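Colleague: predicted model and sequence below, questions to follow.
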Amino acid sequence: MNRSLAGLKFVSSSFALAASFLALVTAGAAAIVPVPEKVAAAVPDRQDAQVPDRVHLFGWIGQRVQANESNRLVKLDSARLLEGFRKRPGRQSWDGEHVGKWLHAATLAWVNTGDPTLREKLDYVAAELVKCQLEDGYLGTYVESNRWRSWDVWAHKYNLIGLITYVRYTGNTAPLAACRRMADLLCNTFGEEPGKRDIITAGPQVGMAPTSVLEPMMLLYRLTGETRYLDFCKYILRAWEQPNGPKIISTLLTSKRVDKIANGKAYEMLSCLNGALEYYRTTGDSQVFQACLNAWQDIVDHRLYLTGAASYWEIFHDDYDLPNVNNVGETCVTVTWIQFNAQLLRLTGEARFADQLEHVILNQLLGAQKCDGSAWGYYVQMEGRKPYTSNLDGQCCLSSGPRGVALIPTFALTTDAEGVIVNLYDAGTATLTLRNHSAVALTTETQYPGDGLVRITLEPADVKAFAVKLRVPGWCRSAEVRVNGKRFKGRPNTAGYLAIERVWKKGDQISLRLKLEPRLITGDHGNHGKVAVLYGPLVLAADEALLGSGDPAQKGNATVVPLNAIAAAGPRLAMLKVTPEPAPAAVKTWPGAQVFRTKAVTRRPVGSLKMGTPLTIRLIPFADAGGTGTRYKVWLPLPSNLYSGNLLLEGLESRSRRGNLNGSIVDEDFETAVTTWDGKTAEEDWFAVQLDEPITVKRVLFAHGKTFHDGGWFDASGGKPRVQVQRAKDGTWETVAELKDYPATTAKDPAEMDGGESVNCTLPEPLKVWGIRVAGKPACGDNPQQAYSSCAELQAFSE
Ligand SMILES: [Zn+2]
């Protein structure tokens, strides 16, 4: 232990948690051995997931892991977790999921920290939850007459996951009987035999919600050896392919696209796929495995955001259809994506899955967790504000986020048939047992990702030959490895790891130097005309917190330049001169925190600054962006020579109905549009832009969006569309003019309008306003059952 403590000085003397934690470890309980499974896996793991008491992280990631335990999991109110079970029904239809998700995360966190307060809470919640089980085994939150219609198989799934995790790691097998009774109830209720219910109809998302119980049913089968649980899982796989089923496996084997599965709902689908991988592990069904690999490839190639997020409006959409805002990046999806990659890493031992894990954890997952661990964001988008909350009500993601963080020590460092694998680089210690039962301790000293140097000191119990496999991240163009100071030359093996095979003895040291450098990503599809900056593994963002007048980087800029007036200095990396420097105190979340000085220009005139005025701004890692409640933005526009004077540029846009296009009316792009389509009729539609400060407007420009056979334009037969303004912040809308040049359209005739046409309207006099909107009657085209309109741009000018 002395060596480990010495090493930690390098990490941060200020990180008191590490020291207090080590005291706990030194006082030392024996290593936890999970309750063994009765059924061996048909497919042995290539990499061994670690019991979290073997791996302790103290760097940036470690600080977030620790905060997850001490500021979130241990502080949750047990009565809130249990209330829906104690007094059915719960406060909302899927409220029953939280307790199982908490039990899963909190058990892993307790194994990692050994915190006796958390253990006490775990024992209490597990015992109290079991007390709520009804005579027939039911442990949902519904009253009897409402059972099995919406989210109660789902709640049983999480109760099983939580209690099985608790049983295996604490060794307290008392709740296992309750798990069996829940599983027996499911087996007796659902199936193909006469008198049994169809599980596909037992819950939402084309049956993907209820059938995701596959995962814990496989775990329970392996734990108990009860073959009826395996039979139930086989039934679920058949049910997926029923005429009314989601056809998960067949779709993935034929179209190889996740957006073509059922309704595309990402969280429930990935939950099913995590179950499918447990099924594959247990049975060796190679078709199921191929389907999962196809899903992974499709998501990586077509459906991932730059930060590792997936889905908007909680659904997988068409290839590269990834708007920056629109309920982007549900945290439940982020966490199930992490679980999916962690499963694939165990099963295949391939570094490409660990690459995805590093990327999604260091960016999207830590970006969804409030830096102090106390709160989480539901949708964590590419720009906007982080919607942090600590209140569980209506927030599935609030109990998912902590699961993702608590899982990190299970795959950060692992073992395999040849030795030890380092998947994530973070300061810390690991006490691993090789498959030949010999022990090896590793101490990692690093400020990664604030610094590219990683030093790992080994302490094998005996002098032994084994491999240490290092993951050289896919983004890294240059990595140098030394063993005891001597250069090691090697190439990554077929699994993607750099394997150092030799006889190791106590005190041997590996130093890995990963070259951290900036990268510029040129936007395509929806981000055409924009760029994003990465540094090493980190996605960077502009943040209002670093744009204030007090920011030394802005010295010499007399005017505070707001976020929406910032453009990247140019389309080439060299023009941006990205340079890391220590983070200023206000945004310094850990000792190695950095910000990144970057050249920018004003995108429009700001005060006395002309458009195109050079600026120096500082970017911040996405994980820390918006941490103080400020607005942030990943994709930065490139400077345009064509700034039109539009005062509504990047204002807050809204419309009367959500519609089905993901364009923008404030991006100066006449190709991107929004609609109000929702399959229904409406008397009036409107498209609005509101601002943080008043503007003086003389002219308004409305650009038509797109024309479809069944609508998309305003019906002007009863009057032209109207221009309305708000004279006070969030005030009432007042009509001030008509778009008198809008064509003479009717409900069925778009009057030759095709898309992108502009209609200008000069106001009778200049007006000082906080918001502008255009309202009119939507057209129905050839389908009078519905009507809608569309808009490509809404702009306003001072002259
Ligand atoms: Zn969620």
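Modeller: Yep, it's here.

Colleague: now the closest residue to R149 other than its chain neighbours: how far from the ion?
Modeller: Counting by C-beta to C-beta, 6 or more residues apart in numbering, R149 lies nearest to A202, which is 6.9 Å off, once chain neighbours are set aside. Bear in mind the C-beta positions are built from the backbone N, C-alpha and C, glycine included. Using C-beta to the ion, to the nearest Å, one obtains 20 Å as the distance from A202 to the ion.

Colleague: and A202, what pLDDT?
Modeller: In this model, A202 is scored at 97, pLDDT.

Colleague: surely it touches P210?
Modeller: Yes: counting by C-beta atoms under 8 Å, A202 touches P210, with 4.3 Å between them.

Colleague: how many residues are close by the residue nearest to R149?
Modeller: Neighbour count for A202, taken as other C-beta atoms under 10 Å: 24.

Colleague: same thing with the one 4 residues further on?
Modeller: Here the neighbour count serves as a burial measure; for V206 (other C-beta under 10 Å) it reads 22.

Colleague: for the one 4 residues further on, same thing?
Modeller: Neighbourhood size, P210 [other C-beta under 10 Å]: 31.

Colleague: and the residue nearest to R149, what does it touch?
Modeller: Counting by C-beta atoms under 8 Å, 6 or more residues apart in numbering, A202 makes contact with 148-149, 152-153, 190, 210.

Colleague: K748 now?
Modeller: 779-782.

Colleague: out of the residues you listed, which end up buried?
Modeller: 779-781 (16 or more other C-beta atoms under 10 Å).

Colleague: turn those into CSV, columns for pLDDT.
Modeller: Shown next, in CSV, are these (pLDDT from 0 to 100):
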residue, pLDDT
A779, 97
C780, 96
G781, 95
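
Colleague: export those residues to TSV and tack on secondary structure and distance to the ion?
Modeller: Shown next, in TSV, are the buried ones among the contacts of K748 (DSSP: H, G, I helix; E, B strand; the rest coil; distance: C-beta to the ion, whole Å):
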residue	secondary structure	distance to the ion
A779	strand	37
C780	coil	36
G781	coil	37
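
Colleague: of these, which is the nearest to E83?
Modeller: Using C-beta to C-beta, C780 comes nearest to E83 of those, at 47.6 Å.

Colleague: what are the phi and psi angles of the closest one?
Modeller: The phi/psi pair for C780 (degrees, to the nearest 10) reads phi -110, psi -10.

Colleague: again with the one 4 residues further on
Modeller: Dihedral angles phi and psi of P784 (degrees, to the nearest 10) take the values phi -70, psi -10.

Colleague: got a list of what I500 touches?
Modeller: Per C-beta under 8 Å, 6+ apart, neighbours of I500: 467-470, 481, 483, 488, 490, 510.

Colleague: those residues in strands, which ones?
Modeller: Under the assignment DSSP state E, the contacts of I500 contribute 467-470, 481, 483, 488, 510 to strands.

Colleague: tell me where this structure is predicted with low confidence.
Modeller: 1-29, 548-558, 641-643 (pLDDT under 70).

Colleague: what's the helix or strand for the residue nearest the centre of it?
Modeller: Centroid-nearest residue in the chain: T334, 3.3 Å away (criterion: C-alpha atoms, centre = their mean). Taking DSSP states H and E as the definition, T334 sits inside helix 331-348.

Colleague: that helix and the ion, any residue contact?
Modeller: Yes: using C-beta under 5 Å from the ion, helix 331-348 reaches the ion at C332.

Colleague: hang on, the earlier thing: out of the contacts of A202, which sit inside helices?
Modeller: Judged by DSSP state H, the subset of the contacts of A202 located in helices is 152-153, 210.

Colleague: which parts of the stretch 451-600 of the chain are strands?
Modeller: For the stretch 451-600 of the chain, applying DSSP state E, counting those that start in this stretch gives strands covering 453-460, 464-471, 479-483, 486-488, 497-504, 509-514, 518-522, 530-535, 538-543, 566-568, 579-582, 594-602.

Colleague: coming back round to it: out of the contacts of I500, who has the most neighbours?
Modeller: K469 (26 neighbours).

Colleague: what sits closest to it if chain neighbours are left out?
Modeller: Nearest to K469 is Y497, by C-beta to C-beta, 6+ apart, at 3.7 Å.

Colleague: packing partners of the helix holding T334?
Modeller: Packing partners of helix 331-348 (3 or more C-beta pairs under 8 Å, 6 or more residues apart in numbering; DSSP states H and E): strand 47-48, helix 266-283, helix 286-302, helix 351-360, helix 396-411.

Colleague: quick check: buried residues in that helix?
Modeller: Residues of helix 331-348 classed as buried under the neighbour-count rule (16+ other C-beta under 10 Å) are 331-348.

Colleague: same thing with stretch 167-180?
Modeller: 167-170, 175-176, 178-180.

Colleague: with stretch 49-64 instead?
Modeller: Neighbour-count burial for stretch 49-64 flags 49-64 (criterion: 16+ other C-beta under 10 Å).

Colleague: which one among the residues you listed gets closest to W313?
Modeller: When the buried residues of stretch 49-64 are compared against W313 (criterion: C-beta to C-beta), the nearest one is R64, at 27.6 Å.

Colleague: next SSE after the strand or helix carrying the closest one?
Modeller: Assessed by DSSP H and E, R64 sits inside helix 60-67. Sequence order places helix 78-86 as the next helix or strand after helix 60-67, per DSSP H and E.

Colleague: and that next one, what does it pack onto?
Modeller: helix 97-113, helix 116-131.

Colleague: among the ones you listed, which is nearest P571?
Modeller: Nearest to P571, of all the helices and strands packed on helix 78-86, is helix 97-113, at 43.0 Å by C-beta to C-beta.

Colleague: put the alpha carbons of that closest one into PDB.
Modeller: Only the C-alpha atoms of helix 97-113 are listed here, as PDB (Å, rounded to 0.1, in the frame of the first residue of the first chain):
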ATOM      1  CA  GLU A  97     -38.400   1.300 -12.200                       C
ATOM      2  CA  HIS A  98     -36.400   3.600  -9.900                       C
ATOM      3  CA  VAL A  99     -35.800   1.300  -7.000                       C
ATOM      4  CA  GLY A 100     -34.300  -1.600  -9.000                       C
ATOM      5  CA  LYS A 101     -32.100   0.800 -10.900                       C
ATOM      6  CA  TRP A 102     -31.000   2.300  -7.600                       C
ATOM      7  CA  LEU A 103     -30.300  -1.200  -6.100                       C
ATOM      8  CA  HIS A 104     -28.100  -2.000  -9.200                       C
ATOM      9  CA  ALA A 105     -26.100   1.200  -9.100                       C
ATOM     10  CA  ALA A 106     -25.900   1.400  -5.300                       C
ATOM     11  CA  THR A 107     -24.700  -2.200  -5.000                       C
ATOM     12  CA  LEU A 108     -21.900  -1.700  -7.500                       C
ATOM     13  CA  ALA A 109     -21.000   1.600  -5.800                       C
ATOM     14  CA  TRP A 110     -20.900   0.000  -2.300                       C
ATOM     15  CA  VAL A 111     -18.700  -2.800  -3.600                       C
ATOM     16  CA  ASN A 112     -16.400  -0.100  -4.900                       C
ATOM     17  CA  THR A 113     -16.200   2.100  -1.900                       C
END
